[in-house]
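*Asks:* just need the structure, nothing else, for what follows:
(chains A and B)
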Amino acid sequence: MTTPPENRHIYTVSQVTREIGVIFENTFGMGVWVEGEVTNFKAASSGHFYFSLKDSAAVLVCAMFSRANRELKFKLQDGIKVVCRGKIGVYGARGQYQLIVEQVEPKGIGARALAFEQLKEKLSKEGLFDPAHKRPLPFMPCRIGIVTSGAGAAIRDILGILKKGAPCVGVVISQARVQGEGAAEEIARGIEELNQFGALDLIIISRGGGSAEDLWAFNEERVARAVYASRIPIVSAVGHQINTSLADLVADLFVETPTAAAKIIVDKKNALLSDIEGLKHELGFAVAQTLSGLKNDLIALRQAIKSPLDRLHEKAQLVDDLAGGLTQHTRQLFNLTGERVAALIHRLEALSPLAVLSRGYSLSMLVSDGRVVKSSVEIKRGDKVKTILARGAFVGSVEEVIDEGKTVV
Amino acid sequence: MKEKQSFEDEIKKLQKIVEELSSGKLTLGEALKKYEEGIKLAQSCSQALQEAQAKVESLMKKDGKFSLKEFAGEEEEKA
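*Replies:* Modelled structure (predicted):
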């Protein structure tokens, strides 16, 4: 049935539009959460985002202005499932209702994995994972900090190993929830407070095994940045997972389990003790060498410097040697000469007149002057002549002189 | 636990003493003195590492100030 013209309430388009807006406000209030899949995403040159959220039966047009989308921690793209908070309103100029989005969160594993990858990329570009930024662990940590849950396997494992293997290491624990809402904030604050407290050589951030979901706090940006900003070196020991968390990537060192982190400290202590033993031995050996060397020097010097008595004995010995030699030579010389003398004597004897005499010859000499008579002219009749025979002699007087030439009868 | 000189410094000192002694250039008096010094260093380091009295504590912050409380294990988590 048509209403007669005078009974109709006639709205203008703008009025209708305004009314619709009011209805939306009344129904949805100033903010509403809507989940759906992103579709028709477009980022305008102005910086504003325009997209739609859809589910199996309907589509909701969305706009996210640059002021809001600047805060986005991940990139919106078609296909990902999200949860949006915003205000439902009317875009009068186009006669369209839309959701003005203030905040977006990824929903579901796929979306979260994507967000993770995007965050990882962002932090990597900023240099948070840069190996050059990583510090070497302290030579021997004397006092360490641990950020972990006060209950739970991680702290129990770490303390157990330290107590047994390196009870010299002091521990300061900053307790934090390691999963669930607000865990990331507590972990980050724990790291910051331990840094403020100071006097620590190393910090371990840790939690025991769990699902990827359970470990998610260690993938939060807040934690990653706190690890990067830490002045004290950090070892990350998160879960027994295969995938590394962002905290692992930023840390100065990451290990697979809390146990492994504690073992590093115990190993350092044992290695140091063993090094010290080694050095003690080297010390002993070196000093023994030095002493032995000095002793040898002393002996050598003593040899070089002889006492006057020793020198005297040496000289005496030398004299004896020489004398002995002299005697021997002299004796030899004598023997030789003796032989020669004997030989000469023999020759002499052979030449001796006495030897001649023994052959029958005799020697006559004048008694008066002892002259040996060699010629008949030297004697005359009546001279007394002594004749020497080989044995004995006789005296005679000359009876007759016979001159040379005249034969003897 | 020793605070004054780090382990690293002490070990370096000890290594230097061993080098000096090995050089054979020391007099008897110097050698014995260095040996004694080295042994003392080694002993004090070893002893510190073999101590077993280190504390395990919880960090508390109240009114902007830090304090330490003995850690008993299985405690309540920070609120």
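*Asks:* thought A:Tyr91 was touching A:Tyr97?
*Replies:* Yes. Using C-beta atoms under 8 Å, A:Tyr91 is in contact with A:Tyr97, at 7.4 Å. C-beta here means a position set from N, CA and C on the backbone, and glycine is covered the same way.
*Asks:* between those two, which contacts overlap?
*Replies:* Here A:Tyr91 and A:Tyr97 share no contacting residue, scored by C-beta atoms under 8 Å, 6 or more residues apart in numbering or on different chains.
*Asks:* hmm, who's touching stretch A:372-381?
*Replies:* Stretch A:372-381 has contacts (C-beta under 8 Å, 6+ apart) with A:363-366, A:371, A:385, A:398-404.
*Asks:* one more pass at 6 Å, please.
*Replies:* Residues outside stretch A:372-381 that contact it (C-beta atoms under 6 Å, 6 or more residues apart in numbering or on different chains): A:Ser364, A:Met365, A:Val398, A:Val401, A:Asp403.
*Asks:* is chain B contacted by stretch A:133-144?
*Replies:* Yes. With C-beta under 6 Å from any C-beta of the partner chain as the criterion, chain B is reached by stretch A:133-144 at A:Phe139, A:Met140, A:Cys142.
*Asks:* out of those residues, who has the most neighbours?
*Replies:* Highest neighbour count within the residues of stretch A:133-144 next to chain B, by other C-beta atoms under 10 Å in any protein chain shown: A:Met140, with 24 neighbours.
*Asks:* what about that residue, which helix or strand?
*Replies:* For A:Met140, there is no helix or strand it lies in under DSSP states H and E.
*Asks:* quick one on the thing from earlier: near chain B, from the contacts of stretch A:372-381?
*Replies:* Taking C-beta under 6 Å from any C-beta as the test, chain B is in contact with none of the contacts of stretch A:372-381.
*Asks:* using PyMOL, define a selection of the buried residues within the residues you listed.
*Replies:* The buried subset of the contacts of stretch A:372-381, as determined by 16 or more other C-beta atoms under 10 Å in any protein chain shown, is captured in PyMOL by this line:
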select buried, chain A and resi 364+365+398
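*Asks:* now the strands for chain B?
*Replies:* Taking DSSP state E, the strands of chain B run over residues B:56-62, B:65-70.
*Asks:* re earlier: farthest pair in the contacts of stretch A:372-381?
*Replies:* A:Met365 and A:Asp403 (19.6 Å; C-beta to C-beta).
*Asks:* low-confidence ranges in the chain?
*Replies:* Defaulting to chain A. A:1, A:241-242, A:407-409 (pLDDT under 70).
*Asks:* switch to chain B, please.
*Replies:* B:1-5, B:73-79.
*Asks:* helices along that one, start to end?
*Replies:* B:7-22, B:28-50 (DSSP state H).
*Asks:* and for chain A?
*Replies:* A:13-28, A:66-69, A:108-126, A:153-165, A:183-197, A:221-229, A:246-250, A:258-304, A:308-351, A:353-358.
*Asks:* check which helices and strands the first one sits against.
*Replies:* Think helix A:13-28. strand A:81-91 (3 or more C-beta pairs under 6 Å, 6 or more residues apart in numbering or on different chains; DSSP states H and E).
*Asks:* in the strand it packs on, what counts as buried?
*Replies:* Using 16+ other C-beta under 10 Å as the test for burial, strand A:81-91 gives A:Lys81, A:Val82, A:Val83, A:Cys84, A:Gly86, A:Lys87, A:Ile88, A:Gly89, A:Val90.
*Asks:* direction included, what does it pair up with?
*Replies:* Take DSSP bridges as the rule and strand A:81-91 pairs in its sheet with strand A:32-43 (antiparallel), strand A:96-106 (antiparallel).
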